[in-house]
Every structure is written in C-alpha cells, then in structure tokens.
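Visitor: Show me the folded form of this:
(one chain, ligands or ions: 1)
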Amino acid sequence: MAGMKEAQSSAAQIRSFDRALITGGAGFIGSHLAESLLAEGYQVTVIDDLSTGRYENIAPLVKYPRFRFAIDSITNQIVLDRLASECDVIFHLAAAVGVMLIVDRPVHTIETNVMGTEAVLKAALRYRAKVLIASSSEVYGKGNQTPFREDDDVVLGPTSRSRWAYAASKMVDEFLALAYYREKGLPVVIFRLFNTVGPRQTGQYGMVIPRFLNQAIEGEPLTVYGDGNQTRCFLHVRDAVEAILALANCPDAVGEVFNIGSTEEVRIIDLALKILQLVRENKIVTGAIEARDQVRFIPYDEAYAVGFEDMRRRVPDITKIFRYTGWKPGMTLDQALQDILHSLLGQE
Ligand code: UDP
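Guide: Numbering: from 1, shown residues only. Predicted coordinates:
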C-alpha cells in the first residue's frame, strides 16, 4: 500500500501542470522542448517574434490541437499577460543568442535579455505561474577553474568589450528571477545551458558544429578560430530537453540554479578533424575537391571583433542536477554528430 501511495504522489508531481508557455519556442531548443511537451500530453503555447527563431521549426507542430503559436515579442505586454494567464508553467527561452549577434548588436542583446525576462517574471507573478529561466554558461565568464559549479565566483571582462554584455545580461536575469523567488515567493528555476547542439541549429549566428558540418559537406575549409586549443562540451538537445523537463517536475529545484551540459570535453581543432572524418566516411562532400580535409585558422580579431576574448575551457559540473533529478547526459559527442549529420541530409 505504501509503495502505491508513493507511486501515486510521484505521478501527481509529474503532472503538476499541463499548460505550458514557451517563450522563444520557435528557436532551436524551444522547438525541441515544445515537441517533447506535446508528446507528453501538455497543452503548449509558443510565443516567438521569429527574430532568430524560425517558423519551419514549429510548422510540424501546428497539426496538434493542443498547440498554439503567437508571433509576437515578449515585450508586448498585452499578449504576454493573456498567455501567462492561460498557463501553469512558463519556459523562458526567448533571448538574443549567438556570439556573433552579441558582438554585432549589443543594444538589442541587452534590451532583449533584460527587459524580456523582467516582462516574463512580472506576468508570471500576476498569475502565479512557475517559471523556468534559461541562462547560459557564459555567466561563468573567463574563469578557468573548470569544471564550473553553480556557486562558483564569476570573472567577466571589461564593459568596453561587447562580448561580456551577454554574460552580464544573463546574470541580471538570474538575479532578478531569484529576487522574485525570495521577495515575492514566485516559483522559479534557473538553468545554465552549456553548448547545446542538434538538428535545426543554424550556423548563421556563429555556432560551431553546424558551421563545421556545412563547411565539410560543401568541401570548404573548416574555419577554426584562434589556435583551436580552446575546449567545449557539446550536449545533444534531446538530453538538454530531458534535463529541463526533469527540473520542471522537481519541487526541490525551485529557487535554485543548475548547470545543464555534457562533460565530454573536446578541443575545437579535434572537433574539426572529427567532423572532416565523419563527412569523409559518409562520402557526402559535394563541393570543391581541393579544399577538402582542410582546416583554416582564423585569428579571433578577424572572426569576431578586435579584442575579442574567448573562453579557453568550458566544462560544467553536473553533480547538482544529478543529485536533484537523477539526470545525466545520454548521448556521446559522436552520437550527437551522427544524428545532426543525418538530419542535415534529410534522414531525421
Ligand atoms: N568556433 C570556431 N569556428 C567557427 C565558429 C566557432 O573555431 O566557425 C569556435 C569559437 O571560437 C569557440 C567554439 O568554437 O571557441 C564554440 O563556439 P560557439 O559559437 O559554437 O559557442 P560558444 O562556446 O562560443 O558560445
């Protein structure tokens, strides 16, 4: 009997809400999240202004009667207020993303990230919706004590370098969300996404894996920035979505900050070589033969902006999320690359 009661109460926990609002739901991660929530029986509303999100990402979801889509900015108070009144949980993913965009359009980045989150928290408070806020590993700045733990100190560069505007804006988001939790009792959970990859991610805003894959397929040299010795850990978006859902369903996670990422560290130069090999094995190079198998090193100043500072290493400590939810990554980097390649070739 006791076992049954436990099972019932954990089932009740899992379905503690069933109307979800996803801001930025037409983006790469948001659209995968929307898909998973729909598959689990949720009613899902997406709000996205399609600035970096794409309609194609959510077009296959329109067939679900439980799916709704508002093409609008989260700073449109009237729309956001109505949507917040009709949901139990908000996944706030709308943000200015991608290093290139941040360097090119700092005003847009700061305003979107700070004012957008403020608007979402205000609306959530009005209707007491639970909020999951997407933050970023960028907040760890250039600290080199890896792996990064959620309560580590952060080291940012000077305000004269646009890059740090993104980290600072995400930190303000986190401070604000935690303030709403502490001062007003709003249930919030913050997750810091490390490098996330998968089908539908575009290289348009600088993301390295779709860029390298496209370059390799086209037979162009792979553009490695700096000396290529900088490292990253790439998590498949399917794993990231699982982690976000696990946090949403974990009552103890409220008021806390969590890393979500892979711990499989790879140097960017090795990533480039891995991708060249993968594409070669699959015999799918279509472009110029002479450029094949090549890597072209590009100085940071040329790739981004003069004085650009990159992180040398970026590795998450994921013991906290494991402790709270039992989540850990399921896919290796090789499996993720295979999956992305297949989806690029239309075999998803
Ligand atoms: N990078 C690269 N070539 C590219 C794009 C990115 O070498 O064409 C490098 C970039 O400098 C960084 C890493 O790949 O060190 C990951 O870049 P991305 O923009 O995907 O994510 P970040 O970790 O910088 O947020």
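Visitor: in the stretch 201-348 of the chain, which spans are strands?
Guide: 222-225, 231-233, 235-236, 257-260, 265-267, 295-298 (DSSP state E, counting those that start in this stretch).
Visitor: anything in the third one near the ligand?
Guide: No: Strand 235-236 lies apart from the ligand when judged by CB under 6 Å from any ligand atom; the minimum separation is 11.9 Å. C-beta: built from backbone N, CA, C; applies to glycine.
Visitor: helices and strands around that strand, which ones?
Guide: Judged by 3 or more CB pairs under 8 Å, 6 or more residues apart in numbering; DSSP states H and E, strand 235-236 is in contact with strand 196-197, helix 333-344.
Visitor: got the CA coordinates for the longest one in CSV?
Guide: Which is helix 333-344. Output of helix 333-344 as CSV, limited to C-alpha atoms (Å, rounded to 0.1, in the frame of the first residue of the first chain):
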residue,chain,number,x,y,z
LEU,A,333,29.5,13.6,-28.9
ASP,A,334,30.0,11.1,-31.7
GLN,A,335,26.3,10.0,-31.5
ALA,A,336,25.2,13.7,-31.5
LEU,A,337,27.3,14.4,-34.6
GLN,A,338,25.9,11.4,-36.4
ASP,A,339,22.4,12.5,-35.6
ILE,A,340,23.0,16.1,-36.8
LEU,A,341,24.6,14.9,-40.0
HIS,A,342,21.6,12.6,-40.7
SER,A,343,19.2,15.3,-40.1
LEU,A,344,21.1,17.7,-42.3
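Visitor: where's it relative to the chain centroid, distance-wise?
Guide: 17 Å (CA atoms, centre = their mean, to the nearest Å).
Visitor: buried residues in it?
Guide: Leu333, Ala336, Leu337, Asp339, Ile340, Leu341, Leu344 (16 or more other CB atoms under 10 Å).
Visitor: Excluding chain neighbours, what is closest to Tyr166?
Guide: Ile102 (4.5 Å; CB to CB, 6 or more residues apart in numbering).
Visitor: Give the helix, strand or coil label for Lys122.
Guide: helix (DSSP: H, G, I helix; E, B strand; the rest coil).
Visitor: can you count the residues close to it?
Guide: Lys122: 16 surrounding residues under other CB atoms under 10 Å.
Visitor: ok, now how distant is it from Ala168?
Guide: Distance, Lys122 to Ala168, by CB to CB, to the nearest Å: 21 Å.
Visitor: do the same with Asp152
Guide: In terms of CB to CB, Asp152 sits 16 Å off from Ala168.
Visitor: who's more crowded, those two?
Guide: Ala168 (21 against 15).
Visitor: So which bits of this structure are right by the ligand?
Guide: Near the ligand, when you scan the chain using CB under 6 Å from any ligand atom, you find 99, 195, 206-208, 211, 223-225, 230, 232, 268, 310.
Visitor: just the buried members of those residues?
Guide: The buried subset of the residues of the chain next to the ligand - by 16+ other CB under 10 Å - is Val99, Asn195, Gly206, Met207, Val208, Arg211, Thr223, Val224, Tyr225, Gln230, Arg232, Ile268.
Visitor: Would you enumerate the residues in contact with the last one?
Guide: By CB atoms under 8 Å, 6 or more residues apart in numbering, the contact set of Ile268 is Val208, Val224, Tyr225, Gly226, Gly228, Asn229, Gln230, Thr231, Arg232.
Visitor: farthest-separated two in the residues you listed?
Guide: Taking CB to CB as the measure, the contacts of Ile268 span a maximum distance of 14.1 Å, between Val208 and Asn229.
Visitor: Counting neighbours, what do you get for the nearest residue to Val237 once chain neighbours are set aside?
Guide: With CB to CB, 6+ apart as the criterion, Val237 has its nearest non-adjacent residue at 3.3 Å, and that residue is Gly198. Gly198: 23 surrounding residues under other CB under 10 Å.
Visitor: looking at it, Gly198 is touching His236, isn't it?
Guide: Yes: with contact defined as CB atoms under 8 Å, Gly198 and His236 form a contacting pair (5.3 Å).
Visitor: anything in contact with each of these two?
Guide: With CB under 8 Å, 6+ apart, Gly198 and His236 have common neighbours Ala336, Asp339.
Visitor: still on that earlier bit, three-state assignment of the residue nearest to Tyr166?
Guide: Classified using three-state DSSP, Ile102 is helix.
Visitor: In this protein, where is pLDDT below threshold?
Guide: Applying pLDDT under 70 to the chain flags residues 1-17, 98-99, 285-293, 347-348.
Visitor: The same query, at a cut-off of 80, please.
Guide: 1-17, 98-102, 283-293, 304-309, 346-348 (pLDDT under 80).
Visitor: And the helices in it?
Guide: 2-14, 28-39, 55-58, 77-85, 99-104, 106-127, 163-184, 208-218, 237-248, 268-281, 300-303, 319-325, 333-344 (DSSP state H).
Visitor: Compare those and give me the one nearest Thr146.
Guide: That would be helix 319-325 among these, by CB to CB, at 13.7 Å.
Visitor: Show me which positions of that closest one end up buried.
Guide: Lys320, Ile321, Tyr324, Thr325.
Visitor: show me what contacts the third one?
Guide: So the one you mean is Tyr324. Leu247, Cys250, Asp252, Ala253, Glu256, Phe258.
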